[in-house]
Structure formats: C-alpha cells, structure tokens
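In: coordinates for the following, if possible.
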Amino acid sequence: MSKYDKLGAYLESLNGSEWHASFRQLEFILALLVRRLRQAWPEVKIVFRGDSGFCRPRILNWCDRHGVDYIIGLAGNKRLAKLALDIDYASAIRFERTWEKQRVFGFIEYAAESRRKRRRKVIVESETSVRGVNTRYVVTNLRGCSAEWLYDHRYCARGEMENRIKEQQYLFSDRTSCHEWWPNQYRLLLSGLAYLLLERLRRVYLKRTTYAQAQFNTIRLKLLKIGAVITRNTRTIRLMLSSQYPEQDLFLTLASKLVPG
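Out: Next up, the predicted model:
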C-alpha cells in the first residue's frame, strides 16, 4: 500500500536574489531527502509540492528522471491565458446565469517557448465572481484524478504545510541574516530539532488539554517562556514559580510526566 510524503518542508535558508540562484543546491538537497526516504521506505510514493517559486525546468526534469511526483504552482503568462480561454469562458458563462461565484477546472498541455522544453500537464482553476475572473495554474505529473480533486486535495493542502513551516519560524529559524549559507542552514536545522521536540510535547503530553491544538508559539509563551526563581545546592534544584502563574497544574503535570524513569 503506497504512502504519501510531502516534501514541502524547509529546503533552503536563502532569501531574495540568492534564492533564485540556488536551484542547484535545492536539487542537491531534494536528492538527499528522496534517497533517505527511499532507504527507510522503499515503496513510498513521494510527492513534491510547492508554490510557483519552485517551478523551474531543472527541478521538474529531476523529478521526472527519479520517479518523484510533483504538483507545483505555475505563474501565469499570456500563452497560458490563451490556452485556458475556454475554461475561463465556461466559468464566466456560469456566473452570468447565477451571479454566484463559480469555479471551473480543466487540463491543458503547456510548454515554454523553447522547442527543447517538453510539454507538461497543467491544471487550470478559473474562478469568476463579482470581482472578475481569477485564473490559477498548477503543473503536475499526477494522473488518474480530476483537475478539481488534484487542485483542492493535493495542491491546496499546501496551506496547511505552510502553517507548519510558520510554526517552525516562530521558534528561531527566521533569524537567517548571516551572509554565509551554512550558519543559516545550521540554525534552520536546530530549529527543526526544536520543532520535533515541541511537536511530540503537543501530540503526546498535551493531548486532551486546552493546548492540544495550540500553535508552538502559544505553547512556548504559556509553558516555557515563563518567569521563575531557581535555587540550587549539591543535591537539588528548586524551581519556584509565581503563585499567580495560571498554568501551575498543567506545568506540574507535564514536569512529572517528563521526569526520566
């Protein structure tokens, strides 16, 4: 039975113009991740999902060569708009009949202007409302499903993935201001480790509490980033919290569960 693993996690720590020049590094990191995943789960089905910033021929060709599925946003242009004209027209006609927001989906075949570029399958989502027509494009090599299902259930789930990335950034991975690549990447890896620790704390130890669905920034603020007085002697360490601390019972319960043995 196949499994899905979305490689939508942090892959780079570069920003701005550096990001656009780093796709060779991105390809290298993606190759390492795919190889490691397949070592652990040889039968796993890997789907690479991302926004239009990842839509580069180098990345798509690598995925095709190595059996990695992808569903990636594609920036619009005049040629895409021309190919999607029938879908936009159908969406507009439906809106004129009902004056309610309409969404129409379809597939088109698209290739860059260069003759050496291969044609790829593109999902078109045309949304018409009182604000006008809004058309989005997603390139994919996934097959066997409708355009609407792929867009709603495979591509749009990227939003939830980005929420997890933002949770990690709330820790300290957003501080990637060093001029060198490796210091930024190392901070990112440390933040990833902190994310895993907090994820287990939330999933296992905060289950059935008011923080079972809380974001990591909230957990850190309410349970970790708190004031206390610490005293120590040769045998004991005492942690004295304020008597007004509102989460005393939960903090003591967590502390007792996390004590080794």
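
In: how about Arg232, what does it touch?
Out: Contacts were defined as C-beta atoms under 8 Å, 6 or more residues apart in numbering; by that measure Arg232 touches Arg238. Backbone N, C-alpha and C define where each C-beta goes, glycine included.

In: Ile72 contacts Leu142, correct?
Out: No: using C-beta atoms under 8 Å, Ile72 makes no contact with Leu142, being 10.9 Å away.

In: these two: which is more packed in?
Out: A direct count of neighbours by other C-beta atoms under 10 Å for Ile72 and Leu142 places Ile72 higher, at 23 against 17.

In: quickly find the element holding the more buried one.
Out: With elements taken from DSSP states H and E, the one containing Ile72 is strand 69-74.

In: strand partners (parallel or antiparallel) of that strand?
Out: Neighbouring strands of strand 69-74 in its sheet, by DSSP bridges, are strand 45-50 (parallel), strand 132-140 (antiparallel).

In: next secondary structure after that strand?
Out: helix 78-83.

In: for the helix or strand following that next one, packing partners?
Out: Once helix 78-83 ends, the next helix or strand along the chain (criterion: DSSP H and E) is helix 85-98. The criterion is 3 or more C-beta pairs under 8 Å, 6 or more residues apart in numbering; DSSP states H and E, and the helices and strands that helix 85-98 contacts are strand 102-110, strand 120-129, strand 132-140.

In: just name the most buried of those.
Out: Between these, the one whose residues have the most neighbours on average, counting mean count of other C-beta atoms under 10 Å, is strand 120-129 (a mean of 21).

In: could you check how far that strand is from the centre of its chain?
Out: 21 Å (C-alpha atoms, centre = their mean, to the nearest Å).

In: just stretch 245-258 next, same as before
Out: Shown here is stretch 245-258, whose average C-alpha point lies 32 Å from the average C-alpha point of the whole chain (C-alpha atoms, centre = their mean).

In: find the centremost residue of this protein, please.
Out: The central residue of the chain, meaning the one whose C-alpha is nearest the mean C-alpha position (C-alpha atoms, centre = their mean), is Met161 at 3.2 Å.
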